[in-house]
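> Just need the structure, nothing else, for what follows:
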Amino acid sequence: MTTWLGLDAWHADAATADDTALALHGSLLFHANVVCVHRVEEHYALSFRFADDPSENIVSTLIERGYGVAAHNGTLQRLAGPVSLNRGALRAAIAHRYRREGRALRFPGQRALHGRYGVSDILAFSAIEEVLPHGIKSVDARGELRPSFVNGKLVLDCR
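Numbers count the residues shown, from 1 in each chain. Have a look, this model is predicted:
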């Protein structure tokens with residue numbers, strides 16, 4: 001069962017939120033297969049997609065670190081941590097769950113994308129579902145690709 005975990009620690013800027021999300025993915029939340037950052041009102045929150053529910057130990061560790069935590073598996077919602085941060089965490093989890101918005105820092109197929117690739121290869125071998133502008137033939141993927149969820153799709157905007 002897929003679970004979306006939203007976390008909010010009231011990051012004021014996108015760069016700090018990115019660094020935090022990647023650090024959490026590199027350590028405590030390494031089994032997440034998609035990692036996103038979301039703008040929530042005037043700050044940034046994080047979300048992670050898992051194949052199953054995160055353990056109680058993981059949730060407890062996140063709460064101890066001061067995060068507002070929201071777990072959403074399609075029907076169940078669990079809120080934990082500071083009440084003032086729960087709303088942002090829940091908004092991030094739901095935005096990720098329904099693919100409404102969010103910038104993906106980690107996604108399936110990303111690790112294989114280094115160098116210049118044809119758009120058809122990116123669409124075939126990664127979770128990216130659309131590349132903008134339409135008609136572009138190839139993408140330089142030497143840097144970090146940061147697609148975003150737009151209207152239910154993971155979209156890479158190269159403009």
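
> so who does the residue nearest the centre of the chain touch?
Centroid-nearest residue in the chain, with CA atoms, centre = their mean: C36, separated by 1.6 Å. Shown in contact with C36 (CB atoms under 8 Å, 6 or more residues apart in numbering): A21, L46, S47, F48, A92, A95, H96, G102, R103, A104, L105, F149. C-betas here are computed from N, CA, C, even on glycine.

> What number of residues are in the vicinity of the first one?
The one in question is A21. If you count neighbours by other CB atoms under 10 Å, A21 ends up with 25.

> close enough to count as contact, V155 and E130?
Yes: here V155 reaches E130: they are 4.6 Å apart, a contact under CB atoms under 8 Å.

> Show me which residues of the lengthiest helix in the chain are buried.
If you go by DSSP state H, the chain has its longest helix at helix 83-97. By neighbour count on 16 or more other CB atoms under 10 Å, the buried set for helix 83-97 is 85-97.

> Restrict the following helix or strand past it to CA atoms and write it as PDB.
Per DSSP states H and E, helix 83-97 leads on to strand 103-106 as the next helix or strand towards the C-terminus. Taking Å, rounded to 0.1, in the frame of the first residue of the first chain, the C-alpha atoms of strand 103-106 are listed here in PDB:
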ATOM      1  CA  ARG A 103       9.000  19.800  -7.300                       C
ATOM      2  CA  ALA A 104      10.500  16.300  -7.500                       C
ATOM      3  CA  LEU A 105      14.000  16.000  -6.200                       C
ATOM      4  CA  ARG A 106      14.100  12.200  -6.500                       C
END
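
> Fine by me, thanks again.
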